[in-house]
Structure formats: C-alpha cells, structure tokens
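> fold the following, please.
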Amino acid sequence: MRMSRLFIQTLREAPSEARTPGLQFLMRAGFVRALGGGFAFLPLGVQVRERLESLVCGALQKENGQPISLPLVRSAEQARSDGRASEERPVQFRDRAQREMLIESGHESAVLAAAASVVQSYKQLPALLYEGWQRFQDEDRAVGGLLGAREGRVVDAYSLHADADHLAAGYAQVRKSLSEALASLGLEAQEVISAEDSTVRATAHKLVFPCAGGEETIVRCPSCGYAANQEVARVSKTVPAAEEPKPTQDVETPDCKTIAELASFLGIPQSRTAKAVFLVADVPGAGDRFVFAVVRGDTALSEIRLKTVLNAAMVGPATEGEIRAAGAEPGYGSPVGLSGITVVVDDLAARSPNLVAGANRKGYHTLNVNYGRDYQASTVADIAMAQEGSPCPVCDAPLIVERGVSLADMWQATDAPARLLDATYLDAEGRARPLALGRYRLHLDRLMAAIAESHHDDHGILWPLVAAPYRVHLMTLGRATPEVSGAAERLYADLTQAGIAVLYDDRDERAGVKFNDADLLGVPLRVAVGDRGLKGGVVEAKRRDRSDVRSVSIDRLIAYVTEALAPQTASKMPL
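As a prediction, the model looks like this:
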C-alpha cells in the first residue's frame, strides 16, 4: 500500500478523549477515531483487528473448529419461548410489521437450535463452531476507550459434547489453545478462575489484562500462581484454638454500625466479631427468599459463592423493611433468636468461638455468641471473599488483589441450556441425551488496545509481528530523484511479489516527518532508500524494537527481510 493513497492522517497531539498511552498512539497513528460515542476503525486498525481475528480463528481451527454465521436480530417471541428471556439483550425494537424484535448479545440459543437440526448421533461429537461478529454490549465499565466500548468485534466459539466429562476435556484443550494464541502476542494476561461448581471444580475462566480501573478484580498468588476472580477465589483458613463457650451478655454499643467501629469501641480485633449480611435470593422454584449470611468480621462475603451455595439465580441486598420484618435490626443484626429464615454461615465463622454479634436491637451487641449453642444455620459453607493479604488456598502465601480487563471469557455451560431447548442427540444405546455446551469469547478490540498499552515507547507503538498491519515500512529519503524513486519502486514491487506486506511511504515529505510517522505506526521493520546509500548499493534497515541501523545490500534485501521476520526470530521482536 502506498502511503500517499492510504486513508490516514497522523496527529501530533493526542485527542482529549484518549486517556491511556496506548489509545493515544492508536488515535495519533490513525488506527482508530472517536466517533459518536464509539470508535471508527480506519484501514490500519481494521488490518490489525483482522490479523488478531485470524490468529484466534487459526487457534480454533487447530482444534477442528468450523466457521458459522448466525443472525444478529431475533424475534422477542422466540427469545421467550426458549426459556432464556432474562438473558441480557440490551436493544429491542419493532419491525415494520410491529413485531417485537431484539438484537442478540450472544448466540447460545441459536447454536443449540442449529445443532438440534444437524447433530443426530454421538458419532458427530464433539463439534467446535465459531464466528466473528460485531457485538453490542453496552456494559457499565470503569475503563474507557477500546477497553470498555459500547460495542466490539468478538470471536465467539461453542463446543458441543456428549456429556460433562467430555466437555471438561474439550474445554481444557480449547482453553489451552486460546491461551497460547494470546501468549504469542506477548500479553501478560492472567488466566483466572471465574466460576466454580459446588464441588469447588473450576467451570469458567477469564484471561485478564492488568489495567487500573478495570471491571475485573482478581486475586493472585505471586508464589504458586493461583489466580481467581475475587468473588470466587478461595482462601486458606486457620481455625482458631478451641475455647469454652462463655455466657452471652448484651452490651451497649452506640453508633457502632460497622465492624471497624465495633472492634475499635470494644478494643478487640475484628476477627473476634461476626458480620451479618442481609440479602434476598431469587431461587428457581422457590421465588424470593430472605437470607441471613454470617461471616467473621475480618473477612468479607462473596455473593457469588453464596449464590452457588443457594443455587440462586440472583442475590441482592435486603431493604430495611425486609430486615425488620425478619426480626432483626439493620446495623445491629444477628441470627440469634430468629426463626423461619435461611441462615448461611461461613465455615470459619462457625468454628470461631465467643464472637461479638448484633443483639437485634439498636445500639446493642451481644458478647460471646457461639454457633451451635446460640444459633443454627441452614447451611455452613465457604462463603468468604478473598482480600489483600489473605492466605493462598494452595500455599498459604499472601494473596495480591489487582484490577484488570477481561480479554477472553471461557465457561462450561454443561447441558442446562440444551435441556431448555430440547437440543439432544442419540447415544450408543439409542437414548436421547442433551448436548453439553462450552462457550468461549475473545474480545478483539480489547486485544488490540491491550497490545498498544503493553507495547509502545515514547515515539509510538511496537506491534508484535503477528498483529502488525504491515511487515515492512519502506520509504524514500531526501530529494525524490529519479534514481531514488526508481530504486524504491523496484524494491516495493519485489517485496510485494515475494509475499511481504509493505507500507510504502512515497510522500514528498522531509525525512524527519517520515521517520516520526514510521515510529508512530510501529511496523516491525523500516527500510529507507536514500541517494547516499544507493551510491554504495545499500539501503538502511532498522527494526522498530532496536536502535541500531544496518546497511543492507539491495541485492540481498529480500533475503534479509525474510530472515528478520522469520518465525524463529519472531520471539526477538516486540512481543
């Protein structure tokens, strides 16, 4: 591509809406432009995104993945009939016949509907299907720019399996391939557990890019590598020494509505207190249920872990009216003396003796509350949330809490969606079985943004070889003499014929302008043709990630470029 014909305009200064260094360079270099609350991808940006999509789809193809294309628009009536009307679908409208329609945010139901008409026998399993599409997400994200846009290009993949065991094996293999694909980009994305089942088996994972203000809060162990979303992360719990239960005693604790205030007022550590959390859970088949969760005061409640324990579709805070209706007092509540409600107690709180808990009357707490003697639980389970410094569940080292943005989401949906849609196959005995489903989503726009955030210097982007829009940035230097222009034209033709993607800066600009734009755009290899070098039969070659400039004979330029960009040297390029 000749730069004189390229739809591009580089900028000296970053637009005000570009708040992160990576986005500043993407906008200055003409990869993207802010437009209407979103982003327009210009030709260079589209090329990078296409290379990333090719990388991801190539990883799926290695696992025998096959491409599909599914409709973006669906009737609301169909959505209700498949039993998944509560799934996020942010945009609804009426067509010209006044039928309710919606824009899909995912194609799980569509894939299963297609599979139901194609997969008849277990012999057709497993199957892996994928699609690249523009997804409207409209998520409430703390990060701006491409890391949190309203819409984005994604690759969604769906794996179909005979049962949960086959799904687990296939899911692990696809997850490995996708993780390796992202690793080839040199991104320090942390794979974290994002969901577990009741047996503490990981059923979902995310690849999280470190980013201050990101929507994901993760905990990780720098010692052994354990990593999980904070809401599902486990911690090692040290059971305190046994004590004789002491008599309970109500004490006045004015203006002590928080654990910190209570511990300070009584002069005790927060580990000697019990924290009450009042919630309402939506349990399928049982409706809304008032839930009293109890954790030790030095820990926090994980609502996701609680939701798993209750098998609830959703949990949310109870109102003060609901709390008082249950017999408790907001800010001073405890399960002591209450009945007819669901009480879930963290296993550490249940094994901690003589705690201070609310007295269920304003301004008072009760000393020496013990589980088993003073109150009972519907369930005792691990519902505590990991925090900074909590002991790692694997090696007991202190955990670190970090923020980030999810680049990939992968989860095992098992056979529940297929049961809803009656998507079945016949097993070896001829019995109808529901399909087990795995889902995988790669966010291409966020991938591109993460590369720009990770790989840049003071002058511009340093694209990894596999993501760069072009391999070689060819330019002329000095006066556009017939000799210089002719040599550059021949090299452009020879490199292109050799299958090397070339961006040819044929503009009538000063050398400084061309060098600055080359650094800004970040193409891996720059080749400059000048009058002085031509007299010696050489051109100047410089890799974007290095400061040294080499003189390369024109006769062996293609061999040099091929060697410099060969896979075995790709690891030396900016990854």
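
> could you use CA atoms for every contact and neighbour count after this?
Fine.

> the strands in the stretch 301-450 of the chain, which residues?
Remark: strands assigned in the stretch 301-450 of the chain by DSSP state E, counting those that start in this stretch are 314-317, 342-346, 355-358, 364-369, 379-381, 384-385, 400-414, 424-426, 432-434, 436-443.

> redo the ones you listed as JSON lines? Include distance to residue 205.
Shown next, in JSON lines, are the strands of the stretch 301-450 of the chain (distance: least, Cα to Cα, whole Å):
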{"stretch": "strand 314-317", "distance to residue 205": "20"}
{"stretch": "strand 342-346", "distance to residue 205": "24"}
{"stretch": "strand 355-358", "distance to residue 205": "36"}
{"stretch": "strand 364-369", "distance to residue 205": "39"}
{"stretch": "strand 379-381", "distance to residue 205": "22"}
{"stretch": "strand 384-385", "distance to residue 205": "18"}
{"stretch": "strand 400-414", "distance to residue 205": "5"}
{"stretch": "strand 424-426", "distance to residue 205": "26"}
{"stretch": "strand 432-434", "distance to residue 205": "23"}
{"stretch": "strand 436-443", "distance to residue 205": "9"}
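
> tell me the most buried of these?
Each of the strands of the stretch 301-450 of the chain was scored by mean neighbour count; the highest is strand 355-358, a mean of 28, by mean count of other Cα atoms under 10 Å.

> ok now it, how far from the chain's centre?
Using Cα atoms, centre = their mean, to the nearest Å, the mean C-alpha position of strand 355-358 is found 39 Å from that of the whole chain.

> for stretch 411-428, same thing?
The answer for stretch 411-428 is 26 Å, by Cα atoms, centre = their mean.

> contacts for that stretch?
For stretch 411-428, the surrounding residues in contact (Cα atoms under 8 Å, 6 or more residues apart in numbering) are 82-83, 109, 112-113, 115-116, 119-122, 162-164, 167-168, 171, 203-205, 431-440.

> 6 Å instead?
The contact list for stretch 411-428 (Cα atoms under 6 Å, 6 or more residues apart in numbering) reads 82, 116, 120-122, 203-204, 432-439.

> buried set for the helix or strand encompassing residue 293?
Using DSSP states H and E, residue 293 maps to strand 287-296. For strand 287-296, a neighbour-count test (16 or more other Cα atoms under 10 Å) marks 290-296 as buried.

> reformat these as a markdown table; add pLDDT and distance to residue 78.
A markdown table is the format used below for the buried residues of strand 287-296 (pLDDT from 0 to 100; distance: Cα to Cα, whole Å):
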| residue | pLDDT | distance to residue 78 |
| --- | --- | --- |
| 290 | 92 | 33 |
| 291 | 94 | 34 |
| 292 | 94 | 38 |
| 293 | 96 | 38 |
| 294 | 97 | 42 |
| 295 | 97 | 43 |
| 296 | 96 | 46 |
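
> before we move on, back to that, closest to residue 212 out of the strands of the stretch 301-450 of the chain?
Among these, strand 400-414 comes nearest to residue 212, with 5.6 Å by Cα to Cα.

> angle of that closest one against strand 436-443?
In terms of direction (axes from the mean of the first three to the mean of the last three Cα atoms, to 10 degrees), strand 400-414 departs from strand 436-443 by 140 degrees.

> so in that sheet, which strands flank strand 400-414, and in what orientation?
strand 202-210 (antiparallel), strand 216-220 (antiparallel), strand 436-443 (antiparallel) (DSSP bridges).
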